[in-house]
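Trainee: sharing a model that was predicted from the sequence below.
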Amino acid sequence: MKKTNRRKFIGTAAALCAATAAAAVPLPAITVNRTMVHHVFFWLRNPTATADRDQLIAGLQTLGDIDTVKALHIGIVADTAPRDVVDNTWSVSELIFFDDVAGQATYQTHPIHLAFIEKYSHLWNKVVVYDAQTIQKQL
């Protein structure tokens, strides 16, 4: 083997070893500040009515004004490949993050949330809620 090829080989091998070692070093812990997640799925009475969907979305956006809501994500069904484990029968979802269970409890009885239910509940015929509490504060 020529010296230049040998040097290239050794240099490349050393770089690969360093990269592998760097990848093996654990990353610093990331603190998760939100310990309560509230995920709600809505099935519209008229699932093809974009006006109803848009009205519901506008109503959901008002929930972000509740002081215990730390983050709010509103979504519609993604156009992903069909799979047996995916339920895409719903129309709109909201994902809300709270600091704790008490914040979620405050949200449930907050006047903005109650007004949302009163004003927009005629648009849906089914709602499913998944509440999850973080069991680990660091990733």
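Mentor: That came through, no problem.
Trainee: could you list the low-pLDDT ranges of this protein?
Mentor: Low-confidence segments of the chain (pLDDT under 70): 1-34, 136-139.
Trainee: in it, which spans are strands?
Mentor: 36-44, 71-76, 92-98, 124-133 (DSSP state E).
Trainee: which one of the ones you listed is the most hemmed in?
Mentor: Greatest average neighbour count among those goes to strand 92-98 (a mean of 21), per mean count of other CB atoms under 10 Å. Bear in mind the C-beta positions are built from the backbone N, C-alpha and C, glycine included.
Trainee: so what are the sheet partners of it and their directions?
Mentor: Taking DSSP bridges as the criterion, strand 92-98 sits next to strand 36-44 (antiparallel), strand 71-76 (antiparallel) in its sheet.
Trainee: distance between it and the chain's centre?
Mentor: Computed by CA atoms, centre = their mean, to the nearest Å, the chain-centroid distance of strand 92-98 equals 7 Å.
Trainee: again, but for stretch 125-138
Mentor: Per CA atoms, centre = their mean, the centroid offset for stretch 125-138 relative to its chain is 10 Å.
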